[in-house]
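Student: This is a predicted model, with the sequence first.
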Amino acid sequence: MTAFRADLHCHTTCSDGSLTPKETIVLAKQQGLSGLSITDHDSIDAYEETFPAAKEAGISLISGIEFSAMFAENSVHILGYSFDLNNQSLRELCLKHIQRREERNRAMLELLNAQGMPLTQEDVLACASIVSLEKKRVIGRPHIALALIKKGYVDTVQNAFRLYLGEGRSCYFRGDPISVDETISVIHGAGGFAIIAHPHLIKNEALVGKLLGMNFDGLEGYYSLIPPKKHDRWIKIAKNRSWIITGGSDFHGDIKSNIPLGCSGVDEETFRILEDQFKKMNSFPR
Ligand code: AMP
Ligand code: ZN
Ligand code: FE
Ligand code: FE
């Protein structure tokens with residue numbers, strides 16, 4: 001029997017991943033995973049129809065999300081797990097993000113246009129693997145990057161970010177900030193755990209210090225293609241605080257083809273902590 005492994009960080013077509021939620025479940029099974037959390041950006045739409053597929057595949061699925069938040073002028077990603085999927089405030093926060101993104105994407109298209117790279121909303125939508133046009137889909141910079149490639153303005157997603165879309169670049173637009181405190185409090189209000197996403201990627205040490213003093217329940221100690229040695233610092237910090245240590249691949253499918261689902265994750269003991277809380281908060285049949 002293979003050891004229990006759960007990937008707690010992946011994206012689907014409900015945000016900027018390239019596989020549908022159901023395809024992600026099938027792949028999780030193929031990869032030998034036993035547990036999974038889908039953490040789309042600012043969206044829980046993936047959970048609308050995924051539980052039967054997970055059950056069929058023998059995958060234990062728990063609620064998850066990756067919220068974008070701001071601390072002062074810094075962008076911070078926060079993972080939420082085990083929360084009540086029907087919580088009203090959490091659903092409202094998702095809607096607030098969709099609105100923030102609409103305004104922000106419009107502003108970024110205007111900036112691109114002003115710099116001689118005209119793109120329409122339709123061009124971007126065409127690049128967002130739309131499963132159903134009826135649904136609100138979380139559109140992000142990776143979709144704009146794909147549209148820029150399709151138009152021949154850039155050659156790769158990486159270069160789209162490096163030249164135009166990355167923080168501080170000429171066509172980046174921040175949009176209305178939603179604070180770290182507000183995000184943590186909404187996740188807690190929905191009975192979930194609030195976790196600092198991929199702390200390894202935070203370059204600003206002063207920001208790390210501030211975040212570690214906030215009301216988080218844990219951090220993502222195991223992440224993607226980060227060499228194991230680099231995890232030590234974060235594991236130590238989390239243990240000192242008796243925080244939960246989560247882990248995941250940050251799988252996006254084709255958009256980041258070098259990151260396979262299941263390349264990072266957690267063992268059974270950690271997964272059960274999250275799963276127990278998930279079951280407490282969600283009583284629907286699974
Ligand atoms: P957004 O949600 O619109 O702010 O876009 C953020 C997402 O863009 C991240 O979660 C990554 O998936 C992707 N991303 C951010 N920076 C880069 C980069 N330098 N190269 C490729 N993808 C990136
Ligand atoms: Zn993403
Ligand atoms: Fe992230
Ligand atoms: Fe992510």
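Tutor: Yep, that arrived. Ligands and ions are numbered 1, 2, ... in the order given.
Student: what's the helix or strand hosting E269 packed up against?
Tutor: Here E269 sits within helix 268-281, counting by DSSP states H and E. For helix 268-281, the packing partners by 3 or more C-beta pairs under 8 Å, 6 or more residues apart in numbering; DSSP states H and E come out as strand 6-7, strand 35-37, strand 60-62, strand 74-81, strand 244-248. C-betas here are computed from N, CA, C, even on glycine.
Student: Output that helix as CSV, restricted to C-alpha atoms.
Tutor: Provided in CSV are the C-alpha atoms of helix 268-281 (Å, rounded to 0.1, in the frame of the first residue of the first chain):
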residue,chain,number,x,y,z
GLU,A,268,-2.1,11.7,7.0
GLU,A,269,-1.7,13.1,10.5
THR,A,270,-1.8,16.7,9.2
PHE,A,271,-4.6,16.0,6.7
ARG,A,272,-6.8,14.5,9.4
ILE,A,273,-6.6,17.7,11.5
LEU,A,274,-8.0,19.6,8.6
GLU,A,275,-10.5,16.9,7.6
ASP,A,276,-11.9,16.7,11.2
GLN,A,277,-12.6,20.4,11.2
PHE,A,278,-14.0,20.2,7.7
LYS,A,279,-16.5,17.5,8.7
LYS,A,280,-17.5,19.5,11.8
MET,A,281,-18.3,22.6,9.6
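Student: Figure out which of the helices and strands packed on helix 268-281 is closest to ligand 1.
Tutor: Of all the helices and strands packed on helix 268-281, it is strand 74-81 that lies closest to ligand 1, at 7.0 Å by C-beta to the nearest ligand atom.
Student: in that closest one, what's buried?
Tutor: Of all the residues in strand 74-81, those buried under the rule 16 or more other C-beta atoms under 10 Å are N74, V76, H77, I78, L79, G80, Y81.
Student: for stretch 170-178, same thing?
Tutor: Those would be C171, Y172, G175, P177, I178, for stretch 170-178 by 16+ other C-beta under 10 Å.
Student: likewise stretch 228-237?
Tutor: Quick answer for stretch 228-237 (16+ other C-beta under 10 Å): H231, W234, I237.
Student: How far off centre is that stretch?
Tutor: Averaging C-alpha positions (C-alpha atoms, centre = their mean, to the nearest Å) puts stretch 228-237 21 Å from its chain's average.
Student: Report the closest residue of the stretch 1-150 of the chain relative to ligand 3.
Tutor: H77 (3.7 Å; C-beta to the ion).
Student: SS state for the one residue in the stretch 151-286 of the chain that gets nearest to ligand 1?
Tutor: Residue nearest to ligand 1 within the stretch 151-286 of the chain: F161 (3.5 Å; C-beta to the nearest ligand atom). The three-state assignment at F161 reads helix, by DSSP: H, G, I helix; E, B strand; the rest coil.
Student: Leaving out the residues flanking it, which one is nearest to it?
Tutor: With C-beta to C-beta, 6 or more residues apart in numbering as the criterion, F161 has its nearest non-adjacent residue at 6.4 Å, and that residue is A145.
Student: Helix or strand: which one has that neighbour?
Tutor: Per DSSP H and E: A145 is located in helix 141-150.
Student: buried stuff in that helix?
Tutor: For helix 141-150, burial by neighbour count (16+ other C-beta under 10 Å) applies to R141, P142, H143, I144, A145, L146, A147, L148.
Student: Is that helix in proximity to ligand 4?
Tutor: No. Applying C-beta under 5 Å from the ion, one finds helix 141-150 separated from ligand 4 by no less than 10.6 Å.
Student: Which strands or helices does that helix pack on?
Tutor: Using 3+ C-beta pairs under 8 Å, 6+ apart, helix 141-150 sits against helix 88-114, helix 121-127, helix 157-160.
Student: The last one - contacts with which helices or strands?
Tutor: Just to be clear, that refers to helix 157-160. Taking 3+ C-beta pairs under 8 Å, 6+ apart as the contact cut, helix 157-160 packs with helix 141-150.
Student: State the mean pLDDT of the helix it packs on.
Tutor: Taken as a whole, helix 141-150 has a mean pLDDT of 95.
Student: residue closest to the middle of this structure?
Tutor: In the chain, the centroid-proximal residue (C-alpha atoms, centre = their mean) is E66; its distance is 3.6 Å.
Student: Quick check, it in contact with H77.
Tutor: Yes. The criterion here is C-beta atoms under 8 Å, and E66 meets it with H77 at 5.6 Å.
Student: where do the contact lists of the two overlap?
Tutor: The contact sets of E66 and H77 overlap at A197 (C-beta atoms under 8 Å, 6 or more residues apart in numbering).
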